[in-house]
Structure formats: structure tokens, C-alpha cells
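K.L.:
with the sequence up front, the predicted model follows.
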Amino acid sequence: MVETSIGIDDIAVYVPHLYLNLNGEFTESRKVDPRKLASLGVSKMGVPDSHEDSVTMAANAALKLIKKNNLSPEEIGRIHVGTETQVDHSKPVGSYVLGCLEKDLGEGSLRHCLVPGDAIFACLGASGALLDTLNWIRAGANDGKAGIVIATDIAKYETHSSGEYTQGAGAVAMLVRENPTLLSIERPVGVCTKDERDFFKPLHRTTPVVDGKYSNRCYLDTMKSAFVDYRAKALRAGLVKLANGEALTDHIEHLAFHQPYPKMTVYAAAFLFRHEWRGLPRWQQIVRQIGYEPGKEHFQTDDEFWTADDQWRRRFTEETDQFKEAFNSKVQSSQEASRIVGNIYTGSMYLGFASMLEYGEHGPFDSVGFGSYGSGCGALAFRGTLQHDHSSVAGSLGLRSMLEQRREVSLEQYGALHEGKANGSIVKPHDEFALVGIGKEGCEEGLRFYEFVK
Ligand code: HMG
């Protein structure tokens, strides 16, 4: 029996109207070499205005998706939010988002829409929500309705920290249903989960505790392991058949990785291609050109090994045609939006996918591999196929024009917004949901109030 295709029908991105330029004033004040930021791949970062939070960004992305697809409330059976930017210890962001949407769709119109609690696992949250929503449809529990999955986050680090220039904010809403126009998603999912300390946000803090270099290693190790698991499952299911000399990645035309900053996708691709290509004829050519990979057993300490391994990786990525060709065709276009938006945590891989659709070359039935990572830590690897009419969705994303219409803020304005001391909105909200107040006392203490501002 042929399985009904299920996946992402359409996608809508929301980014704040403000951005900070990371060159000039910023690099001077932080005493950071601009060449380092160029190497990491970041040049601007999205900055939320004082009326924006994870709820408004999610609701704005979801409303855009609903309007674009002329969805009536009866057609929406589920709204599942993935976020690590909670606004309450109990009430999910999803319930606030539902309240916002009802302001447009009609009071009580989403009363029978399922809002599972927010999916929280650092940047992995939205991928968990997406896979659950696909399974909700596969199980036939959707009653013919569609699901909306929303990734929404504000990536905020301490000022003057090495995470500061990777900050960003935004939301991605995805319409999930049967016979999707954009991307059908296959069943097998590669999984790797560990109890790690690379990045976490204790309840009393608004910024994370991060071990930056260690977080990169956790990411790479976990991501590779998830792809190894995916490979075994996909081969077992007969979805991928490897001929002699072929690697799994030869069967994936595009790769969207979790992207805390663009350079991380270079590290991820290098780690994955190395693993996949070892033992294949192309590997012999690579070894002849740049020598063997360093072996752990030849080093006294882990740090010495990683330093040597970084040097080898740099030669692999910068000098071999095999890597450059594979990276440029499969990954590069997913970096464009991230360079000027920054990390948007749960949404960053999906922003990378949207970026690939907006800036890259793609054709019907191309396969897209997804490598999602969340600190703490876990990775998920899965594959989808672009559908026959996917270009109608790709052509209507409007990502480029949205990014071009943003307004630059000064370092001083950014500083005030970061500290929560800005005196009102820098750009007055217009045709969007906005945070208009927070209850002060009694039964409304801490309750958040949102309006659609015309
Ligand atoms: P760092 O230690 O400041 O940077 O941290 P670096 O020394 O590793 O340098 C980065 C690159 O810039 C290197 O390139 C340097 O050579 C180059 P490479 O050698 O690797 O190709 N560089 C320069 N190039 C030219 N001129 C110079 C110069 N200086 C350096 N003068 C780090 C970077 C990303 C670790 C830091 O920004 C950080 O801590 N960020 C936050 C954590 C993070 O993003 N981790 C990523 C993995 S974990 C993850 O993705 C999950 C996350 O999204 C959270 C979640 O799941 O919720 C973060």
C-alpha cells in the first residue's frame, strides 16, 4: 500500500523590524576583530523591539500563514509551538498565540483546536513539535484538519560575551497536512540524545550558561550520531539504496542544519561528509591531497587532538574540491538569511530551509536532509522531498524583501532594548500583534496582554 504523503504545505517567516549592524560601532566597542565575525559568517542580527516577544512573533508568523492559505478556523486542528523563550512557568506560549489568533479569526473560533504544551528542548523543540504533528496526522487523529507548527525564539546572550554576536530573533510557522505542496517528509528519523551541560538556562536567568567550544563539539558528535541512525533506518526501510562508492549524502540534494551561526554548517557538513566518505574512492584522493586525519591515539590531551583536527578540517573545507562542490550545491544557500538574522534557536534550521528556497537553486523531487540540534542535548535527522509545485510556495515566501525592509538600530538603542530599558517601541507596531501590557497585581499579576495593532 502506498502511504499518503504528509509534510509541510507552506511556511511563513517573521523577523523583527530592527537589526544591529555587527560591523563598525559594535566590533569597536566589543574589541572583536571584524575578521572573526566574517569567519563565523555573521554580519547583522535581528533585534526585537520592546513590544515584541516569543508570542507576538509566533502569532504574526502564524497569521501570515493562515491569511496566505485562506484557512478558516475549522480547518486548523492543532497549533504546536516549539520554543525555549517562555514567557511564563506554567501557561504555554501556544495558549497566548491561540488567544492572539482568535482576535482575528473570531472569539472562541479555535475552541476545539489542540494546543499541546510547548515543545521545549533548546533548539530541538520545534522539530519535536513537527514530528509529533506529522504522527498526529499519520495516526488519523486529525479529523481531516491541518496542524500548524511554530518555532519562535529570542536568542539572547550576555553583552560582551562570545555568544553576543550570534544573537537573533524570529519565528517560523509551518502548515502541516496531507498531500503537501512544498515538502513531503519520510517516516524514518535518526535520533541521538544525551544528558549534556553544553548550554542551559537556569530558571533564575534570562541568558544561558554556555561552554561555547564544548557546545560545538556536542553539536557535531550528536548530529553525526543522529545521521548514522538515520542511515541505518533509511537503508532498512529501502528508502535509500547505496551503489558501490556511494555515500548517503549523495542521495540528499540539499542539507539544512541547525544554524546558531553560518560557520557551524561548515563544521557540520565537514563532520558528516568525512564520516560518510571515509573508505570510498574519493577519500583516497582527499588523503593524497591533504594527508590523513589526525588520530586521537597520537595526542596526549583532548585539546591537542582537537587543535590538530581543526587544522585538518580547515584544509578539508578550504582546499578540497570535493568538499567545496558538495557544500556549495547542498548547504550554502541555507546560510544567507542566518547571516543577517542571527540564531533564532528552534526556528534556525527552518529559517535555513526557507533561505534555501529563497536564495538557492532547487527542482521538483529534490531531497532535503534536515539535521536539527538542541543543546542539553539531542539531534534529529530526517529527509523530505520537494514536491512538484514547490516553486509556487518558494516564490511567495517574501523573505528577501522582508529582510530588506528592516530598520537599523544604533548600539545605544540595542543596549537599551537588551536591558529591557527602552523607552517605548522604536518602530511603532503596525498591522501586527504587539505586547501592550503586563498585569501588575492580584489575579492579573504577570499576565500578558496582546492586541492586533492596525
Ligand atoms: P570563539 O571561541 O569566540 O571563536 O567562539 P573561535 O576562536 O572558535 O573562532 C571562530 C572562528 O573564527 C574560527 O574559525 C577562528 O579561526 C576564526 P575556524 O578556525 O574554526 O575555521 N577567527 C578569526 N578569523 C580571522 N581573524 C581573526 C579570528 N579570530 C577567530 N582575528 C562560539 C565561537 C561559537 C563558540 C561562540 O560564539 C559561542 O559561544 N556561541 C554561543 C554558543 C553556540 O552558538 N554554540 C554552537 C553549538 S551549540 C548550538 O548550536 C545550540 C544553540 O543554538 C542553543 C540551543 O540549542 O538552544 C546555541
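P.N.:
Noted; the coordinates are in hand.
K.L.:
now the residue in the chain that the ligand sits nearest to, nearest residue through space, not along the chain?
P.N.:
As assessed by Cβ to the nearest ligand atom, the ligand sits closest to residue 212 within the chain, at 2.4 Å. Every C-beta, even on glycine, is put in place using the N, C-alpha and C of the backbone. Among residues not flanking residue 212 along the chain, residue 162 sits closest, at 5.4 Å (Cβ to Cβ, 6 or more residues apart in numbering).
K.L.:
rewinding a little: can you report how many residues neighbour the residue of the chain closest to the ligand?
P.N.:
For residue 212, the count of nearby residues is 14 (other Cβ atoms under 10 Å).
K.L.:
again, but for the one 4 residues further on
P.N.:
Residues contacting residue 216 under the criterion other Cβ under 10 Å number 17.
K.L.:
give me the pLDDT for it.
P.N.:
pLDDT, residue 216: 97.
K.L.:
any chance you could list what contacts the helix or strand hosting it?
P.N.:
Here residue 216, judged by DSSP states H and E, is contained in helix 212-236. Helix 212-236 is contacted from outside by 162-163, 186, 188-194, 196, 198-199, 240-242, 248, 257-258, 260, 264, 267-268, 271-272, 275, 306, 369, 371, 373, 375, 377-383, using Cβ atoms under 8 Å, 6 or more residues apart in numbering.
K.L.:
and the chain, which residues reach the ligand?
P.N.:
Listed as neighbours of the ligand in the chain under the rule Cβ under 6 Å from any ligand atom: 33, 35-36, 39-40, 84, 122-123, 162-163, 166, 199, 210, 212-213, 215-216, 219, 258, 260-261, 264, 310, 314, 343, 345, 373-375.
K.L.:
which stretches of the stretch 251-400 of the chain aren't confidently modelled?
P.N.:
For the stretch 251-400 of the chain, no stretch has pLDDT under 70.
K.L.:
so, low pLDDT: which residues of the stretch 1-150 of the chain?
P.N.:
1.
K.L.:
apply 50 and report the result again.
P.N.:
Counting by pLDDT under 50, the stretch 1-150 of the chain contains no low-confidence residues.
K.L.:
surely residue 66 meets residue 100?
P.N.:
No - the criterion here is Cβ atoms under 8 Å, and residue 66 misses it with residue 100 at 11.3 Å.
K.L.:
secondary structure element for residue 382?
P.N.:
Here residue 382, judged by DSSP H and E, is contained in strand 378-386.
K.L.:
output that strand as CSV, restricted to C-alpha atoms.
P.N.:
Output in CSV follows, covering the C-alpha atoms of strand 378-386 (Å, rounded to 0.1, in the frame of the first residue of the first chain):
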residue,chain,number,x,y,z
GLY,A,378,19.7,16.0,21.2
ALA,A,379,19.8,15.7,17.5
LEU,A,380,17.2,14.5,14.9
ALA,A,381,18.0,13.7,11.3
PHE,A,382,15.3,13.2,8.7
ARG,A,383,14.6,13.7,5.0
GLY,A,384,11.9,15.2,2.8
THR,A,385,11.2,15.6,-0.9
LEU,A,386,10.3,18.9,-2.6
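K.L.:
re earlier: so the helix holding residue 216 versus strand 378-386, what angle?
P.N.:
Per axes from the mean of the first three to the mean of the last three Cα atoms, to 10 degrees, the angle that helix 212-236 makes with strand 378-386 is 50 degrees.
K.L.:
next one: helix 212-236 to chain centre, how far?
P.N.:
From the chain centre to the centre of helix 212-236 is a distance of 16 Å (Cα atoms, centre = their mean, to the nearest Å).
K.L.:
do the same with stretch 409-425
P.N.:
Distance of stretch 409-425 from the chain centroid (Cα atoms, centre = their mean) equals 25 Å.
K.L.:
list of residues touching that stretch?
P.N.:
With contact meaning Cβ under 8 Å, 6+ apart, stretch 409-425 is reached by 18-20, 25-26, 29, 47-51, 156, 159, 426, 434.
K.L.:
can we see that at 10 Å?
P.N.:
Contacts of stretch 409-425 with the rest of the structure, by Cβ atoms under 10 Å, 6 or more residues apart in numbering, involve 16-21, 24-26, 28-30, 45, 47-52, 156-159, 164, 167, 206-207, 408, 426-427, 434-435, 453.
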